[in-house]
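**Student:** structural data only, the sequence is not supplied:
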């Protein structure tokens with residue numbers, strides 16, 4: 001080949017040359033050509049750039065440091081929860097202390113009473129009373145339960161009766177009192193009365209019976225039932241404490257009379273309801289007779 005022909009072929013080849021980025025190679029043909037190129041370049045790439053890239057990637061290590069930055073953020077969140085849990089028990093303790101105090105005090109104040117021996121104490125009090133005394137009064141004086149006092153009184157009464165004493169303990173006029181035994185009444189009357197008669201007259205007994213069964217009742221009604229004037233007898237019964245005034249009648253303004261506790265005590269009754277029925281002994285038209293005598 002001549003020099004001119006070589007130049008022409010080089011010029012033609014240079015004109016026909018296409019840069020690699022402008023080429024349109026087939027995909028299958030380009031891949032095998034790239035592999036040897038990479039293989040040939042392999043020994044050149046080993047020394048420097050590839051090794052330098054790895055430390056460059058490792059340098060972002062500060063990203064791993066973000067872990068410790070998150071941990072302190074979690075710690076302050078747990079700290080406020082701890083005081084809340086520890087604040088609850090102290091608040092509950094002061095509430096229990098004052099409640100336990102008052103409950104224990106009354107328990108210590110209740111038990112001092114049951115030391116009293118009721119039998120001699122009741123006997124001593126009943127020896128000096130002037131009128132029947134109730135279980136409630138005795139319980140208050142002795143600072144004992146009323147139920148215990150009532151049971152002891154009943155036991156004393158039964159014991160005296162069983163022993164055949166010259167006295168007995170009875171409940172009358174709503175209370176308890178010692179009385180002489182009925183079997184010894186003759187001896188007691190002879191000693192106390194010394195021959196003086198204090199018995200009520202027949203008129204006084206009749207008047208007292210009318211007051212007992214018709215109470216409260218006026219003097220005029222008593223006189224109407226008996227058929228005689230009863231003013232003097234009524235005054236006698238009031239003086240002896242067997243009847244008493246208890247107000248006035250709304251229509252006429254006359255004084256009303258009723259029996260007293262002394263009357264119940266003398267008869268051994270607890271209330272006027274224990275009187276025997278009087279209906280068989282009275283006429284049916286008692287009120288009509290009284291109204292007729294008034295007119």
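**Tutor:** On my side now, so go ahead. Being a predicted model, the structure only gives us computed values, none of them experimental. Numbering: from 1, shown residues only.
**Student:** what about residue 243, neighbour count?
**Tutor:** 25 (other C-beta atoms under 10 Å). Using the backbone N, CA and C atoms, a C-beta is placed for each residue, glycine as well.
**Student:** which element is the spatially closest residue to it that is not a sequence neighbour on?
**Tutor:** Spatially, and ignoring its direct neighbours in sequence, residue 243 is nearest to residue 237 (4.6 Å; C-beta to C-beta, 6 or more residues apart in numbering). If you go by DSSP states H and E, residue 237 is part of helix 231-239.
**Student:** which strands and helices lie in contact with that helix?
**Tutor:** For helix 231-239, the elements it packs on are helix 202-214, helix 219-226, strand 243-248, judged by 3 or more C-beta pairs under 8 Å, 6 or more residues apart in numbering; DSSP states H and E.
**Student:** check what pLDDT the closest residue to residue 219 other than its chain neighbours gets.
**Tutor:** Counting by C-beta to C-beta, 6+ apart, residue 219 lies nearest to residue 234, which is 5.6 Å off, once chain neighbours are set aside. Listed pLDDT for residue 234 reads 93.
**Student:** just checking, residue 234 touches residue 220?
**Tutor:** No. Counting by C-beta atoms under 8 Å, residue 234 does not reach residue 220; the two are 10.7 Å apart.
**Student:** ok, residue 226 - how many residues close by?
**Tutor:** Other residues near residue 226 come to 15 when the count uses other C-beta under 10 Å.
**Student:** that one - nearest residue in space that isn't next to it in sequence?
**Tutor:** Excluding the flanking residues, the one nearest residue 226 by C-beta to C-beta, 6+ apart is residue 206, at 5.9 Å.
**Student:** before we move on, the earlier item: comparing residue 234 and residue 220, which residue is more hemmed in?
**Tutor:** Applying other C-beta under 10 Å to residue 234 and residue 220 shows that residue 234 carries more neighbours, namely 23 against 17.
**Student:** buried sites along stretch 219-239?
**Tutor:** Neighbour counts over stretch 219-239 (16 or more other C-beta atoms under 10 Å) mark 219, 220, 221, 222, 223, 224, 225, 230, 233, 234, 236, 237 as buried.
**Student:** that one: end-to-end distance?
**Tutor:** 15 Å (C-alpha to C-alpha, to the nearest Å).
**Student:** and for stretch 12-21?
**Tutor:** Length of stretch 12-21, first residue to last, C-alpha to C-alpha: 20 Å.
**Student:** pLDDT on it, on average?
**Tutor:** Averaging the model's pLDDT scores along stretch 12-21 yields 71.
**Student:** what's the answer for stretch 140-156, then?
**Tutor:** Across stretch 140-156, pLDDT averages out at 94.
**Student:** list of residues touching stretch 116-132?
**Tutor:** Residues outside stretch 116-132 that contact it (C-beta atoms under 8 Å, 6 or more residues apart in numbering): 133, 138, 141-144, 148-149, 152-153, 156, 169, 171-178, 261-262, 265.
**Student:** can you select the buried ones from those in PyMOL?
**Tutor:** Listed next is the PyMOL selection for buried residues among the contacts of stretch 116-132, using 16+ other C-beta under 10 Å:
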select buried, resi 133+138+142+144+148+149+152+153+156+169+171+172+173+174+175+176+177+178+261+262+265
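**Student:** quick one: which of the contacts of stretch 116-132 sit in strands?
**Tutor:** 169, 171, 172, 175, 176, 177, 178 (DSSP state E).
**Student:** pLDDT score for the closest residue to the fourth one other than its chain neighbours?
**Tutor:** On the basis of C-beta to C-beta, 6+ apart, the spatially nearest residue to residue 175 that is not a chain neighbour turns out to be residue 132, at 2.9 Å. Looking at residue 132, its pLDDT is 93.
**Student:** then residue 6?
**Tutor:** Reported pLDDT for residue 6: 64.
**Student:** equivalent analysis for residue 252, please.
**Tutor:** pLDDT at residue 252 comes out at 85.
**Student:** likewise the one 4 residues further on?
**Tutor:** At residue 256, the pLDDT value in this model is 94.
**Student:** how deep is it tucked in, by neighbour count?
**Tutor:** Other residues near residue 256 come to 17 when the count uses other C-beta under 10 Å.
**Student:** for the nearest residue to residue 146 once chain neighbours are set aside, what are its contacts?
**Tutor:** Using C-beta to C-beta, 6+ apart and skipping the chain neighbours, the partner closest in space to residue 146 is residue 139 (4.3 Å). By C-beta under 8 Å, 6+ apart, residue 139 lies in contact with 145, 146, 148, 149.
**Student:** same question for residue 134.
**Tutor:** If you count contacts by C-beta under 8 Å, 6+ apart, then residue 134 has 174, 175, 176 around it.
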